[in-house]
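> Sequence and computational prediction follow.
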Amino acid sequence: MAQYPYRSLNEYYRNLFGKKTAKISLDGGFTCPNRDGTLSTGGCIFCSAGGSGDFAEDASLSITQQIKKGKAQTLKKWPNACYIAYFQAFTNTYASVDVLRAKYEEALAQPEISGISIATRSDCLDDDVLELLKELSFKTKVWVELGLQTANEDTANFIRRGYPNSVFVESVEKLHGIHIPVIAHVILGLPGETSEDMLNTIDFINNLPIHGIKLQLMHVLANTDLANLYETGNYTPLEKEVYLEMLCQCISRLRPDIVIYRLTGDGDKNTLLAPLWSLQKRDVLNQLHHLLKEKKIQQGNSYCP
Ligand code: SF4
């Protein structure tokens, strides 16, 4: 019997690999077209100095060194785990195919690496990159994580995502066509968004061949444009109770086969300005599980195909 009333990542990995699986967050030394001037220099309004990879290993280390370091940190807790090399920081398909191949293959050559997860933008998946991913997928498990954040185009423009929803849809379909599972990143609590907007985003995902979802809380990190909005009273982060209620509604609305990769935020405590309650991750998850039970919510309860 499932531990939670939703398809959890732990359960998915256990079914896939038969053991505890940990992700090692890597910084491949890439940048992002939304920051290097190709699209813009400002980036998404919430983007931190680490390019949304604040927990990734140190980019000055080689991929091999980063993986060794990541493994050493988890070894005590999970001595028999296998690992996913997670290219997290910035845009991890934003380089030539030769550079990408070298980085990915270096990761996959490390012992106990059972697959590779690549976080990127939907507008950075050219045909030669897709060909490389397809080739890798014949040798190992490959996942691609795409930042949608919202299906509301007005919000997407406001946060400077840099592409319309159609680009996201096209990339999801191309990846699905080569059998690469896609994980969509969604942010709850974006500036100006209502509950209806957030549920519309869930419906948008439900209608696509998406394998997994990360539901993340909007964090305000220091030295971002969102921090300016927050500090001038033009943005208010979600209260814990509102976030928990929103999560319940999203889980209930989500297609039952979609794996939930994340349900909390992951802000760096050194730069997190708000909401500070999000630092108590265990507490937030416990409260969510309690609420789901109390409200008798199962993933897909209110999913409408
Ligand atoms: S796409 Fe990612 S790395 Fe690029 S600006 Fe947005 S959050 Fe930052």
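Noted; the coordinates are in hand.
> how much space between Met246 and Ile258?
Going from Met246 to Ile258 by CB to CB, to the nearest Å gives 17 Å. C-betas here are computed from N, CA, C, even on glycine.
> Please say which of those two ends up with more neighbours.
Ile258 (22 against 19; other CB atoms under 10 Å).
> Spatially nearest residue to the more buried one, not counting backbone neighbours?
Spatial nearest neighbour of Ile258, excluding adjacent residues (CB to CB, 6 or more residues apart in numbering): Ile213 at 5.5 Å.
> In terms of helices and strands, where is the one you found?
Using DSSP states H and E, Ile213 sits in strand 212-217.
> CA atoms only for that strand, dumped as CSV, please.
Extracted as CSV, the C-alpha positions of strand 212-217 are listed here (Å, rounded to 0.1, in the frame of the first residue of the first chain):
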residue,chain,number,x,y,z
GLY,A,212,6.2,14.3,-13.0
ILE,A,213,5.6,17.6,-11.3
LYS,A,214,7.5,19.8,-8.8
LEU,A,215,5.2,22.0,-6.8
GLN,A,216,7.3,24.7,-5.3
LEU,A,217,6.5,27.6,-3.0
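> Check which helix or strand Ala297 maps to.
Actually, residue 297 is Ile. It isn't Ala. Counting by DSSP H and E, Ile297 is part of no helix or strand.
> what's the answer for Ala72, then?
helix 63-75.
> Give me the contact list for that helix.
Helix 63-75 has contacts (CB atoms under 8 Å, 6 or more residues apart in numbering) with 22, 24-28, 56-58, 61, 81, 83, 85, 103, 106-107, 109-110, 112-113.
> Check the offset of that helix from the chain's centre.
In terms of CA atoms, centre = their mean, to the nearest Å, the centre of helix 63-75 is set 21 Å apart from its chain centre.
> cool, and stretch 105-125?
That offset, for stretch 105-125, works out to 14 Å (CA atoms, centre = their mean).
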